[in-house]
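Peer 1: Need coordinates for the following:
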Amino acid sequence: MTRLLITDDSAFMRIAIRKMLESHLDIEVVGEAKTGQMCVEMARVLRPDVITMDVEMPVMDGLEATRQIMAETPCPIIMLSSHTEQNSVTTLSALELGAVDFIAKNSSFLQLDMAKIGADLVEKIQYWAKKKYLPDKNSRSGSLPFFSNASIESKVEIRKLRQGTNPLPAGLVVLGISTGGPATLPQVLKSMGRLNCPMVVAQHMPLLFTSGFASHLRSETGLDVVESTEQMELKPGIIVIAKGGSDVVIREPFPGKFMLYQKTDLQASIHPNADVLFRSAASVSCPVVAVVMTGMGSDGLLGAQELVDRKNAHVLAQEPETCIVDGMPTSIINAGLATAVLSPQEIGKSLSRLCAGRMPFGFKTLYS
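Peer 2: A predicted model of the protein is given here:
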């Protein structure tokens, strides 16, 4: 039985969340808090398996409540955020503080899609309820609390890494990332620094969140991080966050000139989609480096396979041990596509070397 603590200053939303969960007998609502302060106090007493946390609340908002809970009684926290620029920035800050996931909801109760929100919420609650807090994670990968489950989502097989990829400096970097991205991607960019080529990032995220995410990354790293726009020219040093809720493709109208276009793939189950991005990158004339990081599922696997088949591209996978969720990079490792399995900081350093024309050193030859 999963023990859930609901936190929302709206009585309507608290009732709505209960309604969404009433048919799921494996989820028990053990408490309801209408302020962040109440949530912190109830978390100490009730020790829930999962907490849903509203962003905007009186007395103490969801950001401060998340900060205190992760410091005192760590627990998977799922943020419920309205589709506004301000709330998106707060939600991203909460994810950096240790909240594990979020669900975006419309600002107006009359516009709420209860069926969709309910399905997403149940899936996330059930997933994160299986996670257990690992207090020693901080010593391995930074300051974030870490949750792992006893039955790992995707078992990593012992497999040799690919060798002998293109020795020329990379002219383009494409990166796919999902759950855990807001907390993990800044580590890559800070250790990477400015590249001599463009980077395009497909971060699974809804509309209105990617603009705030790009601004936050630009402020945190000092790099040229922007949200994608239609027919954007990709220049050296730019880092483009694909616009939320849609997909992007890269085209090369003239040798060495890369352009980015919005093109939502209706066959893709999630957006921005890494497979769509990676496949488009396989058609450019220069060497390409693909990076697959923390996230559920296997988005990026098919695109990485095409990059390997057509360009023998470098494919960097995040170490599953350092992931909030290891599904995406584990799929790359198990398929034998990875040329390196690295921590976020090591990924950044390797990208800097690959794009400067020097071959990366210290890559592992076996992962177990």
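
Peer 1: show me where the protein has helices.
Peer 2: Under the criterion DSSP state H, the chain contains helices at 11-21, 36-46, 62-72, 85-97, 114-129, 138-141, 181-192, 209-221, 274-281, 301-311, 327-334, 344-356.

Peer 1: Show residues contacting the fourth one.
Peer 2: Read it as helix 85-97. Here helix 85-97 makes contact (C-beta atoms under 8 Å, 6 or more residues apart in numbering) with 53, 55-56, 61-63, 66-67, 70, 77, 79, 81, 99, 101-102, 104, 144, 180, 182-183, 186, 208-209, 211-213, 215-216. Every C-beta, even on glycine, is put in place using the N, C-alpha and C of the backbone.

Peer 1: make it 7 Å
Peer 2: The contact list for helix 85-97 (C-beta atoms under 7 Å, 6 or more residues apart in numbering) reads 55-56, 62-63, 66-67, 70, 79, 81, 102, 182-183, 208-209, 211-213, 216.

Peer 1: mean pLDDT lowest for which of the helices of the chain?
Peer 2: Mean pLDDT is lowest for helix 138-141 among these, at a mean of 39.

Peer 1: Which PyMOL command selects the buried ones in the contacts of helix 85-97?
Peer 2: Applying 16 or more other C-beta atoms under 10 Å to those, the buried members can be selected in PyMOL as follows:
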select buried, resi 55+56+62+63+66+67+70+79+81+102+182+183+208+209+211+212+213+216
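
Peer 1: Name the nearest residue to residue 327, ignoring sequence neighbours.
Peer 2: Distances taken as C-beta to C-beta, 6 or more residues apart in numbering place residue 296 nearest to residue 327, at 4.7 Å, with adjacent residues excluded.

Peer 1: For residue 177, grab the count of nearby residues.
Peer 2: 29 (other C-beta atoms under 10 Å).

Peer 1: Just give the closest residue to it, not the sequence neighbours.
Peer 2: Per C-beta to C-beta, 6+ apart, closest to residue 177 is residue 293, 4.2 Å.

Peer 1: ok now do the one you found, which residues does it touch?
Peer 2: 175, 177, 181, 184, 318, 328, 329.

Peer 1: ok, now with 8 Å
Peer 2: Residue 293 touches 175-177, 180-181, 184-185, 188, 317-318, 323, 328-329, 344, 347, counting by C-beta under 8 Å, 6+ apart.

Peer 1: again, but for residue 338
Peer 2: Going by C-beta under 8 Å, 6+ apart, the list of residues near residue 338 reads 161, 162, 315, 316, 317, 329, 332, 367.

Peer 1: Swap in 7 Å and give it another go.
Peer 2: Neighbours of residue 338 in contact, by C-beta under 7 Å, 6+ apart: 161, 162, 315, 317, 332.

Peer 1: before we move on, what about residue 101?
Peer 2: With C-beta under 7 Å, 6+ apart, residue 101 has these contacts: 78, 124, 128, 179.

Peer 1: Tell me where the model's unsure across the stretch 151-300 of the chain.
Peer 2: Low-confidence segments of the stretch 151-300 of the chain, defined by pLDDT under 70: 151-160, 164-166.

Peer 1: hmm, try it at 50
Peer 2: Applying pLDDT under 50 to the stretch 151-300 of the chain flags residues 151-153.

Peer 1: Report the mean per-residue pLDDT for stretch 317-324.
Peer 2: Per-residue scores along stretch 317-324 average to 94.

Peer 1: Which single one of the contacts of residue 338 is nearest to residue 200?
Peer 2: Lowest distance from residue 200 to those (C-beta to C-beta) belongs to residue 315, with 15.3 Å.

Peer 1: how far away is that closest one from residue 283?
Peer 2: Distance, residue 315 to residue 283, using C-beta to C-beta, to the nearest Å: 17 Å.

Peer 1: do the same with residue 39
Peer 2: Taken as C-beta to C-beta, the span from residue 39 to residue 283 is 49 Å.

Peer 1: Which of these two has more residues huddled nearby?
Peer 2: residue 39 (30 against 14).

Peer 1: could you pull out the strands for the stretch 151-300 of the chain?
Peer 2: 159-160, 172-177, 199-203, 224-227, 232-234, 238-241, 248-254, 257-262, 288-292 (DSSP state E, counting those that start in this stretch).

Peer 1: between those, which one is nearest to residue 270?
Peer 2: Short answer: strand 199-203, nearest of the strands of the stretch 151-300 of the chain by C-beta to C-beta, at 9.5 Å.

Peer 1: which other helices and strands contact that closest one?
Peer 2: Strand 199-203 sits against strand 172-177, strand 238-241, helix 274-281, with contacts defined as 3 or more C-beta pairs under 7 Å, 6 or more residues apart in numbering; DSSP states H and E.

Peer 1: go with 6 Å
Peer 2: strand 172-177, strand 238-241 (3 or more C-beta pairs under 6 Å, 6 or more residues apart in numbering; DSSP states H and E).

Peer 1: The longest one - contacts with which helices or strands?
Peer 2: In this case it means strand 172-177. Secondary elements touching strand 172-177 (3+ C-beta pairs under 6 Å, 6+ apart): strand 199-203, helix 274-281, strand 288-292.

Peer 1: winner for burial among those?
Peer 2: strand 288-292 (a mean of 29; mean count of other C-beta atoms under 10 Å).

Peer 1: Go ahead and measure how far that strand is from the middle of the chain.
Peer 2: 15 Å (C-alpha atoms, centre = their mean, to the nearest Å).
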